[in-house]
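[1] what's the 3D shape of this:
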Amino acid sequence: MDKISIVGLSLGLAAILLGQVLEGGHVSSLLQPTAFLIVIGGTLGAVMLQSPAHVFVGGIKMVKWVFFPPRVDPEQIIEQITQWSHVARKEGLLALEAQIVNIDDPFMRKGLQLLVDGAEPDRLRDVLEVEIGAYEEQMKLAAKVWESAGGYSPTIGILGAVMGLIHVMENLTDPSKLGAGIAVAFVATIYGVGAANLIFLPVAKKLLANIGRLVALREMFLDGLVGIANGDNPRIIESRMQGYIV
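    As a prediction, this is how the structure comes out:
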């Protein structure tokens, strides 16, 4: 679990609520179902309109990475590649064929299969770089669902504020309704700006950071395979792969 994400979200929300109390306001005044419906519903609709269904669903599913990021273990990959390089130097590339069935990741399984099949190093790199590029693009499209939400929600919040002010103007002769209309107007703006800067945009950045780590892991794996295909010394392969670890 990514504890800093939980702490960051909690701290941001707590700071806003505490500031409201210190200013002499009530937390309950920030709870406006109408404003919430306008901002969240409008933002959701705008994002759904711009995104293909599979991209939108992928972005929603990916949000769990904010608190439970995908497991990345570069040291294990380096150890595995180094072991394969020793086997290849001693017994040849065909000796690695037995390892293919033990690999769960489709990308890594495909890479090892190409290596065993005797693909030239340049050809091996070309094929797997295309896969990495497509994977990165697909993941980034899903993550940008949240980035788009961060762009739309402040504007939807302003729309909610204008709607609230329209309601106020329509009821100038009834002072009892003015307070509720003004509250919706200002709270809608808070919801829009707050959701964008406390949730949507930070979530997008966190997802993009996790995607970057996954892509770097695949690039490191590819570099190791190409080293084996070139017949490089296992120590050189290991040292080069260590350079990917930040």
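
[2] This structure: strands as residue ranges?
    Assigned by DSSP state E, the chain shows no strands.

[3] So it: which segments form each domain?
    1-31, 33-246 (automatic domain parsing).

[4] ok, Ala119 - contacts?
    Listed by Cβ atoms under 8 Å, 6 or more residues apart in numbering, the contact partners of Ala119 are Val127, Ala229. Glycine gets a C-beta too; all of them are placed from N, C-alpha and C.

[5] so how far is Leu207 from Val168?
    Shown here: Val168 relative to Leu207, a distance of 39 Å by Cβ to Cβ, to the nearest Å.

[6] Repeat that for Leu17.
    If you measure Leu17 against Leu207 using Cβ to Cβ, the figure is 26 Å.

[7] Can you tell me which of the domains of the chain has the worst average pLDDT?
    Per-segment confidence across those bottoms out at domain 1-31, which has a mean of 81 in mean pLDDT.

[8] longest helix in the chain, by residue count?
    Taking DSSP state H as the assignment, the helix of the chain that covers the most residues is helix 121-170.

[9] so what secondary structure elements neighbour that one?
    When contacts are defined as 3 or more Cβ pairs under 8 Å, 6 or more residues apart in numbering; DSSP states H and E, helix 121-170 sits against helix 33-36, helix 42-50, helix 53-62, helix 106-116, helix 178-195, helix 201-230.

[10] still on that earlier bit, settle it for me: which of Leu17 and Leu207 has more neighbours?
    More neighbours sit around Leu207 than around the other of Leu17 and Leu207, counting by other Cβ atoms under 10 Å; the figures are 24 against 13.

[11] Arg125: neighbour count?
    Arg125 has 16 neighbours, counted by other Cβ under 10 Å.

[12] same thing with Ile4?
    Residue neighbour count, defined by other Cβ under 10 Å, stands at 9 for Ile4.

[13] Repeat that for Ile237.
    Should you count by other Cβ under 10 Å, Ile237 turns out to have 23 residues around it.

[14] how far away is it from Gly231?
    The value you get for Ile237 to Gly231, if Cβ to Cβ is used, is 10 Å.

[15] Over to Val168?
    Distance from Val168 to Gly231, counting by Cβ to Cβ: 77 Å.

[16] Of the two, which one has the most company?
    Set side by side, Val168 and Gly231 give different neighbour counts by other Cβ under 10 Å, the larger being at Val168 (18 against 11).

[17] rewinding a little: and the domains of the chain, which is most packed in?
    Here the criterion is mean neighbour count by mean count of other Cβ atoms under 10 Å, and of the domains of the chain the winner is domain 33-246, at a mean of 17.

[18] got a list of what the residue nearest the centre of the chain touches?
    Centroid-nearest residue in the chain, with Cα atoms, centre = their mean: Leu207, separated by 1.7 Å. The contact partners of Leu207, taken as Cβ under 8 Å, 6+ apart, are Met62, Val63, Trp65, Val66, Ala142, Ala143, Trp146.

[19] Distance to Ser10 added to those, as CSV?
    Output for those, formatted as CSV (distance: Cβ to Cβ, whole Å):
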residue, distance to Ser10
Met62, 21
Val63, 17
Trp65, 18
Val66, 13
Ala142, 25
Ala143, 23
Trp146, 19
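
[20] Check these against Ala95 and report the nearest one.
    Closest to Ala95 out of the contacts of Leu207 is Trp65 (36.9 Å), distances taken as Cβ to Cβ.

[21] My read is that the closest one contacts Asn210, right?
    Yes: the pair Trp65 and Asn210 qualifies as a contact (Cβ atoms under 8 Å) at a distance of 5.0 Å.

[22] Against His167, how distant is the most far-flung residue of the chain relative to its centre?
    The outermost residue of the chain, judged by C-alpha distance from the chain's mean C-alpha position using Cα atoms, centre = their mean, is Thr173 at 49.7 Å. Thr173 sits at a distance of 13 Å from His167 (criterion: Cβ to Cβ).
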